[in-house]
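**Student:** Have a look; sequence and predicted model below, questions after that.
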Amino acid sequence: MESLIQLYPGLAYPNPYFRRESFLSLDGEWDFAMDKTPFLPKEYNEKIIVPFAVETPASGIKRHVGKDDRLHYRKVFDLPEHFRNEHTVIKFQAVDQVCDVYLNGAHLGHHEGGYLPFEFTVGQLKREGNVLQVEVSDDTDSPVYPRGKQSNHPGGIWYTPTSGIYGTVYLEDVPSDRIEHFRLNPDFDNRSLLIYVKKHGEGDVRYVIRYQGDRIASGLLNGPIDCSAFFHPWDIDHPNMYEIDLLFGEDKVTSQFGFRKFAPVMRDEHRVFGLNGKPTFLSGVLDQGYWPESGLTCPSLEAAYFDVSIMKKLGFNTLRKHIKVEDMRFYALCDYLGIIVIQDIVNGGAPYKNWLIMSAPFIAYHFDDKKKKKQALFGREAEASRTFFTQSLSGYVDCLYNVTSLAIYTLFNEGWGQFDAAKNTKLLSELDPTRLIDSTSGWFDQGCGDFSSNHVYFKKLKLEPSDRILALTEFGGYSYRVKGHLYINKRNFGYGKVKDGAALTAKIKALYQEQVLPLLAKGLSVAIYTQLSDVENETNGLLTYDRAVLKVDESTMRQINEALRFSE
C-alpha cells in the first residue's frame, strides 16, 4: 500500500500551501522548565516533546498551567549541510498564548494569540550549536485572547486547556531575494488563475503549473493565466487539484489549488448553497479536532487522514472545523478527498453568562450586539478584546486563503464573544470575498451574513424559509457511552442517550428521515450533525474519542447522505 506522502507529496511539508524543499523540522525533544519567573532560566530540568501542549500526555509533562506560570523551552540545533545559510525563516504553527522568541541570546520577536501561525526571518546562523529559546505565558481566562473550547474547569462542552507550543516548529533556508507571501485566485467563471505575490527583492516571478504530475503551463507572471486549455473543476466527487511552482531568483515555493466557486444559487425559489454554480447540499459533521493523548494537536498525519476519510466513507461531504485552526495538512487532505470545510473563527472574550448560554436554546433572544450592555453579556465589554478579535481576522484570511476546500467562515458561534456582527461580517467579506460567511451560528442573529443559521438539540426541527441560505449548523448529538473507550467514566454529556450502536443508528436515521429531509422543501441546504468523535466528557460522537470504535452503521449513514443530495 502506498504511503500518504507517496499518494499526496504535498503532505511531506508542514504547510502544503507554502512548500520549500529546504526545511528542517524542530519537532521532538526540547529542554523544558516551568516556574513563575519571567526570565530565561539558567537550567532546564525537564524534557518536553514538541509539538504537544504541556497539559497533554503526549508532551511528557501533563501538567496544568496557571496564569502566573512561565513555560521555558530550549532547542539546540545544527544546520543541515544543504542549507545555504544566507537567511533562515523560523516558523511556528501554533503557540498558546503569549510568547517571546530568542535565538543565540538575541530577542527575535514577540507574539500574542494562540491559534494562528507566525514566523521570524534571521540572517546567517552558526553551522552548529544554535540555541532557540521560547518563553510562554497563558491565561486561559483572559478576556483579550481567543480560547476556543479551553477551560480551567473542563466539563460538558468545555475541554482541558492548551498551553505552550502545540504546533510544528520548523526552519526554511531562503536566499536574500525571496517570496514572502502569495495568494492564488482561481477564477472559475473565466477559467483563469490570478496570483498576487509579495516578495523581498526586485525582479520577475515565473510559474510552472502541473496537473496529475504533468507540466501543463509555464511562463512569466504578469497577469491572469489562461487555464481554459486544461480546465478541470474541483468538486466533492472530482477533487481535481493542480500544483504550482513560483520561482523568484534562487527561491522556489510550491503550492496547490483547484478551480471552484462558492456562491448562493436558486433552487425551487429558495436561495441555497452553490458549488460551481450548482445547488449543493452540504451534509457534514462538527469536527472539534481533539485527541485524548494530544489535545488540540493532531497526533499524526495518519490520524488526520483517518478522520477525514472515514467521514467521506460515511457519505458526508462537509466538515465544520469547530473553534480551532487545524494543522495545514488537514486542509490539504480535505482538498485531496473532496470535503468542503466550514471554518470557525475562534471565540474569546470574558467568561460568558451561564444563564444566557444555557437558556439560549429555548428562548429566542433578540439582542442588538452593537450596544455596550449586550456586549458585556457576550464577554466583549473590554475594548482590547474587541480590537484583538477584529485585527485577527486578516490573520485567518492570510493563513487559509489558498485552501481550495474552504467554503464558509463561521464568524460567531452561539453568541460566544459576539459583538458588532454586521460590521465584522462586512470586514471579513472585504478581506476575503471568495467565501461565504455564517455570521451568527446558532442564535442571536443580527440579520447579516449569507446564512440563516440554526442550532437545534432539545426540540423538533421546525425551520422556516429564509431569504438567506437556510442552514442547520448543529443538531443531533446523541450520547452513546462505549465501555472501555471513555475518557471520563462519570458525568458524560450529550443530547439524549441511547444504549448501543444499533439504537444510535436507528435514532439518527429517524432524525434525518422524519425531520431533516422534509426541510429540503423549505430550502435547507446545510446540515451539520454533532459530532465526529467523542471529546473528553462529551460522548456524542459518531466515533469514540480514541477513534477505535465507529458507533454507527456505515451503510445506513451512506444511505442517509445519498438521500440528501440535490437531484440534477
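**Tutor:** Received, thanks. Worth saying up front: this structure is predicted, and the values here are computed from it rather than measured.

**Student:** give me the low-pLDDT residue ranges for the stretch 351-500 of the chain?
**Tutor:** Within the stretch 351-500 of the chain, not a single segment meets pLDDT under 70.

**Student:** how does it look with 80?
**Tutor:** 489-490 (pLDDT under 80).

**Student:** quick one, strands of the stretch 151-300 of the chain?
**Tutor:** Counting by DSSP state E, counting those that start in this stretch, one finds strands in the stretch 151-300 of the chain at the ranges 164-165, 169-174, 178-187, 192-200, 206-211, 214-220, 225-226, 242-248, 251-257, 262-267, 270-275, 278-279, 282-287.

**Student:** out of those strands, deepest packed?
**Tutor:** Mean neighbour count (mean count of other CB atoms under 10 Å) peaks for strand 164-165 among these, with a mean of 30. The C-beta positions use only the backbone N, C-alpha and C, and glycine is treated the same way.

**Student:** hang on, the earlier thing: mean pLDDT and distance to residue 130 added to the strands of the stretch 151-300 of the chain, as JSON lines?
**Tutor:** Converted to JSON lines, the strands of the stretch 151-300 of the chain look like this (pLDDT from 0 to 100; distance: least, CB to CB, whole Å):
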{"stretch": "strand 164-165", "mean pLDDT": "98", "distance to residue 130": "17"}
{"stretch": "strand 169-174", "mean pLDDT": "98", "distance to residue 130": "9"}
{"stretch": "strand 178-187", "mean pLDDT": "98", "distance to residue 130": "20"}
{"stretch": "strand 192-200", "mean pLDDT": "97", "distance to residue 130": "22"}
{"stretch": "strand 206-211", "mean pLDDT": "98", "distance to residue 130": "33"}
{"stretch": "strand 214-220", "mean pLDDT": "97", "distance to residue 130": "37"}
{"stretch": "strand 225-226", "mean pLDDT": "97", "distance to residue 130": "40"}
{"stretch": "strand 242-248", "mean pLDDT": "98", "distance to residue 130": "26"}
{"stretch": "strand 251-257", "mean pLDDT": "98", "distance to residue 130": "22"}
{"stretch": "strand 262-267", "mean pLDDT": "98", "distance to residue 130": "44"}
{"stretch": "strand 270-275", "mean pLDDT": "98", "distance to residue 130": "47"}
{"stretch": "strand 278-279", "mean pLDDT": "98", "distance to residue 130": "53"}
{"stretch": "strand 282-287", "mean pLDDT": "98", "distance to residue 130": "37"}
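
**Student:** what sits against the residue nearest to the spatial centre of the chain?
**Tutor:** For the chain, the residue nearest the mean C-alpha position is residue 325 (3.0 Å; CA atoms, centre = their mean). By CB atoms under 8 Å, 6 or more residues apart in numbering, residue 325 lies in contact with 94, 115-116, 343, 346, 396, 399-400.

**Student:** How about residue 120?
**Tutor:** 89-90, 101, 103, 108-109.

**Student:** Could you do residue 443 as well?
**Tutor:** So residue 443 contacts 360-361, 364-365, 414-415, 455 (CB under 8 Å, 6+ apart).

**Student:** For ChimeraX, what selects the buried ones among those residues?
**Tutor:** To isolate the buried members of the contacts of residue 443 in ChimeraX, using 16 or more other CB atoms under 10 Å:
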select :360,361,414,415,455
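
**Student:** that older thread, of the strands of the stretch 151-300 of the chain, which approaches residue 331 most closely?
**Tutor:** Proximity to residue 331, assessed across those by CB to CB, is greatest for strand 251-257 (10.3 Å).

**Student:** Just the C-alpha atoms of the closest one, please, in PDB.
**Tutor:** Output in PDB follows, covering the C-alpha atoms of strand 251-257 (Å, rounded to 0.1, in the frame of the first residue of the first chain):
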ATOM      1  CA  ASP A 251      13.900  30.900  -4.400                       C
ATOM      2  CA  LYS A 252      11.200  28.300  -5.200                       C
ATOM      3  CA  VAL A 253       7.900  27.900  -3.500                       C
ATOM      4  CA  THR A 254       5.400  25.200  -4.300                       C
ATOM      5  CA  SER A 255       1.600  25.300  -3.600                       C
ATOM      6  CA  GLN A 256      -1.700  23.800  -4.800                       C
ATOM      7  CA  PHE A 257      -5.000  25.000  -6.000                       C
END
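
**Student:** which strands and helices sit next to that strand?
**Tutor:** Packing partners of strand 251-257 (3 or more CB pairs under 8 Å, 6 or more residues apart in numbering; DSSP states H and E): strand 178-187, strand 242-248.

**Student:** Residue 472: which of those is closest?
**Tutor:** strand 178-187 (29.3 Å).

**Student:** For the helix or strand hosting residue 391, list every residue counted as buried.
**Tutor:** Assigned by DSSP states H and E, residue 391 belongs to helix 383-400. By neighbour count on 16+ other CB under 10 Å, the buried set for helix 383-400 is 385-386, 388-389, 392-393, 395-397, 399-400.

**Student:** Out of those residues, which comes closest to residue 233?
**Tutor:** Each of those was checked against residue 233 using CB to CB; the closest is residue 400, at 20.7 Å.

**Student:** Hmm, residue 408 and the closest one touching each other?
**Tutor:** No. The criterion here is CB atoms under 8 Å, and residue 400 misses it with residue 408 at 11.5 Å.

**Student:** Check the contact lists of these two and give me the overlap.
**Tutor:** What both residue 400 and residue 408 touch, as defined by CB under 8 Å, 6+ apart, is the set residue 343.

**Student:** Show me how this structure divides into domains.
**Tutor:** Split into domains by automatic domain parsing, the chain comes to 15-174, 178-257, 262-563.

**Student:** Any idea how far the second one is from the middle of the chain?
**Tutor:** Relative to its chain's centre, domain 178-257 lies at 24 Å (CA atoms, centre = their mean, to the nearest Å).

**Student:** just the first one next, same as before
**Tutor:** Between the centre of domain 15-174 and the centre of its host chain there is 19 Å, according to CA atoms, centre = their mean.

**Student:** got the end-to-end distance for that domain?
**Tutor:** 16 Å (CA to CA, to the nearest Å).

**Student:** go on, the last one?
**Tutor:** In terms of CA to CA, the two terminal residues of domain 262-563 are separated by 22 Å.

**Student:** Same check on stretch 549-565?
**Tutor:** 27 Å.
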